[in-house]
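Enquirer: Below are the sequence and a predicted model; questions follow.
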Amino acid sequence: MLEEGLAARVLERALSRGGDFAELFCEERQGFTLSIDESRVERPQSGSERGAGIRVIDGEVTRFAHVDGLAEEDLMGAADGLASALGGDATEPLPLKAAKPPELQEIEIDPTSVPAERKAEILRELDERARAAGAEVAQASASYSEGRRQVAIFNSEGLEAGDDRTRVRLGVQVVARKNGTVETGFETLGEHRGFELLDGDPARIADEAAKKALTLLGADPAPAGEMTVVVGGGFGGVLFHEMTGHGLEADAVQKGASVYAGKMGEKVAQPLLNAYDDGVMAHEWGTGAIDDEGTPCQKTAVIQEGELTSYLYDRLRARRDGTASTGNGRRASFRDLPIPRMTNTYIEPGDADPEAMISEVEKGFYAVSFGGGQVEPATGDFVFGVSEGYLIEGGKVTKPCRGATLIGNCLQALERIDAVGTDFEMKTGFCGKAGQTAPVGTGQGHVRIKGMTVGGTAV
Amino acid sequence: MSAADLEDAARRAVDAATSAGASDAEAWSEGSRSREVRVHAGEVESLTEASGRGVGIRAWIGTRTGYAYGTDLSESGLAELAEAAVGAARVADEDEHSAAPEPSAEPPEIDGLRDPAVAATETADVIDLAKRIERIALDRDKRVTGVEEVVYVDEDGDAAIATSRGVSGSFGSSVAYSFLQAMATEDSEVQTGLGFGVGRSPLSLDAEQIGSEAGDEAASMLGASKPQSRTCPVVLSERVTASFAGFIGGAVCADEVQRGRSPFADRLGDEIASAAYVLADDGIDPGGLASAPFDGEGTARERTPLIAEGKLLAYLHDGYTARRGGARSTGNAARSSYRSPPSVSPSNLMLEPGELTLEQLLERAGDGVFITDVAGLHSGVNPVTGRYSVGASGRTISGGELAEPLREFTIAGDLLGTLATVQAVGSETRWVPFGGSVKTAPMLVGEMAIGGA
């Protein structure tokens, strides 16, 4: 993407008046999205951007500039601007040395090689399948998106690394109506993979979304109050992502803005709990070969037998703690600074039978899927919206419930996980932090939490 | 890039699209300079300076339309983009209501969209401002032990439009905002408080107000407990009423209404709210950050009353929904940037203030809950059904006065039910950047479901 000699000159210029570290992050991205709504294929959009971000770290201060395009004049101008704020002697960058090429995810079918008509055809299939699911289906809409991000990273410690990430995703929303009641169902399919992701029967997600909306038509208002909650597999992993994952990101920890600060090595959960952040899971949504600072992605055990074993680091925060980056320095684009972010986080399967986990509950709530969640890492208070939930009565899953939110405090809720199922599934999500959006994977099997607040309308 | 350069780029992009085979085309170009300062513990943590530019092209082939965007404004870059937009249009189905924007009424002149103080203020001065905000938060209460970070951002930019039907124009604007999260600690308990301010330049930000808000809120939340689950009167803070107005603003957008995905579908002229709730969309108020002479299709911005005397008065339209609904565009084609095509969205939402101060609202509530903040809106609010269930924090209202802090609970209900039970809107207004750009006030709602212990 960028000639090595130019990269070296930019780094040299950025450090021409001092600084401990300089980095040039170059990026080229292309994307294409397409939707279907009211059975009409619409909103075809294609985008292409290239640009670079340059940062200079001097002590604890990071100076950052970014430019659109990769023209030498713009890059050198940005490097000059950064250097002008410093007044010292030049720091000599180490010669660039290309890292051993990382192992990339195999992309069998480049999505850009597939005619757009084929993508439109898949959307039509989704639309037809959703509408065929029941007479009450009133609306269906679906979207297809493909994106390719190529990055090249050079730094003053001699690092030269690159990655090439292709992601494909389908999403479908179904609206069902009956006697004045309206309900919605949503489902997605996405991976760090080529168009082969959509081989087979991608339209099955339309059946699943329709089933959710139709089931909810017969739902009662969700209960309000504290009860035992069984969380379903897959996107239920957003629970761990919110409750714990964010609190392990080292930027929050170092500022004392995380309830997990100072808890390294301590028991934070029952011994049955093991959890990971894993950026190298094959083809998962949050997977990469390297992070956006050139550190190879890795699998990091964050909780082992209930004990807190690692935070998630980028370079800057790792340097502060005198440790190594865990490959979690991610950035939304060349316009953003890297910050510690999760990749794919999940709770490892346990030994409980999912059916038994429910049958042991006298009165509780079964949260099967979620719209998303939010946490305040400093206090540990979190919330997440349930998109499909049921009452558990006398050990049995009974009525579907609408409009529930789960709320709690992460330290208590994590400790109250008393069973982890043998099943396992990963799902895709988009995580927002400090104005940056990142693709992340979340996963788990069934998980049971003794005592959590369900916020419904049936008080 | 200057406004003139951007107008020129937009015109060249339209020409490139028609040369590439488009029957009609529209181009939107933007250029901006921005800076961001993050301060923590009295020191600069990061300092970002950036410039950006780009263009988005909508191309029509008859009634099929496609979009492409990019950052390369050279002749070859625009030609490539134009090809991509025309290629995208070929994939879309015919849509009889889709057409390129035509010139509209003369766009209004709005004073003060750009404050030259943004460009004139040295970075050292905005760093000082951010440090001062942090200091003020820390000094408010000895239990305020830290600030996660103070973020200051400003941006100064221009946008231009051109279409093959003769629309053309440009405007410049500036924005500055700052926010912080303060942390208060007592024993092992930590609570947080948010402070923020928005304006057209750093000179319009009040460090004292921003810092105090965060420090006071964090300290006031110490010792918070979980309320009992019940249904009771609630007073919503401006932050919460802003999010609530944003929820309504989304549901009155004509595209969702026409597609049957809004609780307001087929309700025009109906009684849908208490008479106390009066809301308008206003794209020309000089104080509103979303104000502009024209919208994302070059149509003049205007003021549209949405709810008054309890009735739903209007939907918000862009060109497409206006043609489809047999209405006229209200100038609500919004662009989040050149990276996305225009779509219907509120501009500035303005909640009409009432007569009562916050104290009087609390007094009228008697016993209930004051909601200072809500969380989990993106997953807890369903814009299709109108139902919501979100996390909340706040204070008990006891005997008409604020009492102990409350956290870790939910509020839940549905949009129409809540609108019907609004008893009064407060008299003290404020611009809040949540739920869009909203000028809002606190509000008393007769009853809402609280999910707690």
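Expert: Sure thing, it's come through.
Enquirer: Where is the longest helix in chain A?
Expert: Looking across chain A with DSSP state H, the single longest helix is helix A:116-132.
Enquirer: Check which helices and strands that helix is in contact with.
Expert: strand A:21-37, strand A:40-58, strand A:137-155, strand A:159-178, helix A:204-217, helix B:75-91 (3 or more C-beta pairs under 8 Å, 6 or more residues apart in numbering or on different chains; DSSP states H and E). Placement of C-beta: from N, CA and C, glycine included.
Enquirer: got the angle between it and strand A:137-155?
Expert: 140 degrees (axes from the mean of the first three to the mean of the last three C-alpha atoms, to 10 degrees).
Enquirer: Tell me which residues of helix A:116-132 come out buried.
Expert: Neighbour-count burial for helix A:116-132 flags A:A116, A:K119, A:A120, A:I122, A:L123, A:R124, A:E125, A:L126, A:D127, A:R129, A:A130, A:R131 (criterion: 16 or more other C-beta atoms under 10 Å in any protein chain shown).
Enquirer: Can you name the residues that contact the last one?
Expert: By C-beta atoms under 8 Å, 6 or more residues apart in numbering or on different chains, A:R131 lies in contact with A:S39, A:V137, A:A140.
Enquirer: Skipping adjacent residues, who's closest to the closest residue to chain A within chain B in space?
Expert: Nearest to chain A in chain B, going by C-beta to the nearest C-beta, is B:T410, at a distance of 2.4 Å. In space, B:T410 comes closest to A:G455 once its chain neighbours are excluded; the distance is 2.4 Å by C-beta to C-beta, 6 or more residues apart in numbering or on different chains.
Enquirer: That neighbour bridge partners, please.
Expert: Taking DSSP bridges as the rule, A:G455 bridges to A:T405.
Enquirer: OK, contacts around B:R135?
Expert: B:R135 neighbours (C-beta under 8 Å, 6+ apart): B:G42, B:G211.
Enquirer: Could you measure from it over to B:A214?
Expert: B:R135 sits 12 Å away from B:A214, taking C-beta to C-beta, to the nearest Å as the criterion.
Enquirer: same deal with A:G451?
Expert: 32 Å.
Enquirer: Mind checking which of those two has more residues around it?
Expert: Neighbours were counted for A:G451 and for B:A214 using other C-beta atoms under 10 Å in any protein chain shown; B:A214 has more, 30 against 15.
Enquirer: The more buried one contacts B:E134, correct?
Expert: No. At 9.2 Å, B:A214 does not count as touching B:E134 under the criterion of C-beta atoms under 8 Å.
Enquirer: can you list residues touching both of the two?
Expert: Common contacts of B:A214 and B:E134, defined by C-beta under 8 Å, 6+ apart, comprise B:V147, B:L180.
Enquirer: Show me the shaky parts of chain A.
Expert: A:459 (pLDDT under 70).
Enquirer: domain parsing for it?
Expert: Domain assignment for chain A, taken from automatic domain parsing, gives A:4-29+A:45-98, A:111-153+A:161-217, A:225-455.
Enquirer: now, of those domains, which is deepest in the fold?
Expert: Stretch with highest mean neighbour count among these: domain A:225-455 (a mean of 22; mean count of other C-beta atoms under 10 Å in any protein chain shown).
Enquirer: Just want the residue of chain A that's nearest chain B.
Expert: Of all residues in chain A, A:G455 sits closest to chain B, at 2.4 Å by C-beta to the nearest C-beta.
Enquirer: Any figure for the gap between that residue and A:M342?
Expert: 25 Å.
Enquirer: Please apply the same query to B:R53.
Expert: Distance from B:R53 to A:M342, by C-beta to C-beta: 32 Å.
Enquirer: Restrict stretch A:370-382 to CA atoms and write it as PDB.
Expert: The C-alpha atoms that make up stretch A:370-382 are tabulated as PDB, following Å, rounded to 0.1, in the frame of the first residue of the first chain:
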ATOM      1  CA  PHE A 370     -30.700  -9.700  23.200                       C
ATOM      2  CA  GLY A 371     -30.800  -6.500  21.300                       C
ATOM      3  CA  GLY A 372     -27.600  -5.300  22.900                       C
ATOM      4  CA  GLY A 373     -26.300  -3.800  26.100                       C
ATOM      5  CA  GLN A 374     -24.400  -1.100  27.900                       C
ATOM      6  CA  VAL A 375     -22.100  -0.900  30.900                       C
ATOM      7  CA  GLU A 376     -20.600   1.800  33.100                       C
ATOM      8  CA  PRO A 377     -17.200   0.100  33.900                       C
ATOM      9  CA  ALA A 378     -16.500   2.500  36.700                       C
ATOM     10  CA  THR A 379     -19.500   1.400  38.800                       C
ATOM     11  CA  GLY A 380     -20.100  -1.900  37.100                       C
ATOM     12  CA  ASP A 381     -23.700  -1.200  36.500                       C
ATOM     13  CA  PHE A 382     -24.900  -2.700  33.300                       C
END
